[in-house]
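[1] Sequence first, predicted coordinates after that:
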Amino acid sequence: KTRIAIFASGTGSNYEAIDRAIQAGDLDAEIVLLVCDSPGAKVVAKAKKNQLASFVFDPKTYPNKQAFEIDIVHKLKAYQVEWIVLAGYMRLIGPTLLNQYQRRIINIHPSLLPAFPGLDAVGQALDAGVKVSGVTIHYVDSGMDTGEIIAQEAVPVKPGMTKAELQTLIQKVEHKLYPSTIQQLILPESIRL
Ligand code: GAR
């Protein structure tokens, strides 16, 4: 089975959706490690409950990004991680990680990129008055939500919709699109003789 690490900073609903897809037999992968940059995040407790190994760190205790990414790479190697799946990891990936995992790091973003990159994409879409937003899954490069797009799905924005309502709709789409897209990506290598 393909060995993946989840990187998350927050609630972890996408982590849970990926885990459910694996349990259901819809995704032929194994989550072997959680990496989290926020010690108090809900996702940390969820991983613990599932007895998933985690590397939780506070970036403020490191001199710079390179220093904590070196520690992350050591963990990833120790767990023989093959793919990095960003699921609400609210931090740019630096060259240390990018060079070790070329075209092996993917991210999910709650808008139809290249529209509304960065923080609060759902709020940005509502403020812009768009009638359609959605979800993007893309390879990660050094930019902010700029890497090559792998999959997208549109979500209609109804008049008067609140941010919470749009967020709920978008997350529903995310929880299906992320596991199925990961399965497509790992398919060629999951056939191991
Ligand atoms: C997700 O909606 C994801 O698209 C977004 O954070 C949320 C995390 O939710 N990511 C970004 O905005 C990245 N720029 P979760 O912790 O419940 O999976």
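    Good, I have the coordinates.

[2] Could you check how far stretch 74-93 is from the centre of its chain?
    In terms of CA atoms, centre = their mean, to the nearest Å, the gap separating the centre of stretch 74-93 from the centre of its chain is 9 Å.

[3] Export it to PDB, keeping only CA atoms.
    This file holds the C-alpha atoms of stretch 74-93, laid out as PDB (Å, rounded to 0.1, in the frame of the first residue of the first chain):
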ATOM      1  CA  HIS A  74      13.800  12.900   8.900                       C
ATOM      2  CA  LYS A  75      10.400  11.800  10.200                       C
ATOM      3  CA  LEU A  76       9.100  11.200   6.700                       C
ATOM      4  CA  LYS A  77      12.100   9.000   5.900                       C
ATOM      5  CA  ALA A  78      11.700   7.100   9.200                       C
ATOM      6  CA  TYR A  79       8.100   6.300   8.200                       C
ATOM      7  CA  GLN A  80       9.000   5.600   4.600                       C
ATOM      8  CA  VAL A  81       6.400   8.200   3.400                       C
ATOM      9  CA  GLU A  82       5.800   8.200  -0.400                       C
ATOM     10  CA  TRP A  83       3.200  11.000  -0.800                       C
ATOM     11  CA  ILE A  84       2.500  14.100   1.200                       C
ATOM     12  CA  VAL A  85      -1.100  15.200   1.400                       C
ATOM     13  CA  LEU A  86      -1.700  18.700   2.700                       C
ATOM     14  CA  ALA A  87      -5.200  18.900   4.300                       C
ATOM     15  CA  GLY A  88      -5.600  22.400   5.800                       C
ATOM     16  CA  TYR A  89      -1.900  22.800   6.400                       C
ATOM     17  CA  MET A  90      -1.700  26.600   6.500                       C
ATOM     18  CA  ARG A  91       2.000  27.100   5.700                       C
ATOM     19  CA  LEU A  92       4.100  27.400   2.500                       C
ATOM     20  CA  ILE A  93       6.300  24.400   1.800                       C
END
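
[4] The longest helix along the chain packs against which elements?
    What stands out as the longest helix in the chain, according to DSSP state H, is helix 163-190. Packing partners of helix 163-190 (3 or more CB pairs under 8 Å, 6 or more residues apart in numbering; DSSP states H and E): strand 2-8, helix 13-23, strand 29-36, strand 83-86, strand 105-109, helix 121-128, strand 132-139, strand 149-156. Just so you know, the C-beta spots here come from the backbone N, C-alpha and C atoms, and that holds for glycine as well.

[5] partners of the first one, with directions?
    This means strand 2-8. In the sheet, strand 2-8 lines up against strand 29-36 (parallel), strand 83-86 (parallel) (DSSP bridges).

[6] and the residue of the chain found nearest the ligand, what helix or strand is that in?
    Distance from the ligand to each residue of the chain (CB to the nearest ligand atom) is smallest for residue 88, at 2.6 Å. Using DSSP states H and E, residue 88 sits within no helix or strand.

[7] what's the closest non-adjacent residue to it?
    Excluding the flanking residues, the one nearest residue 88 by CB to CB, 6 or more residues apart in numbering is residue 10, at 4.6 Å.
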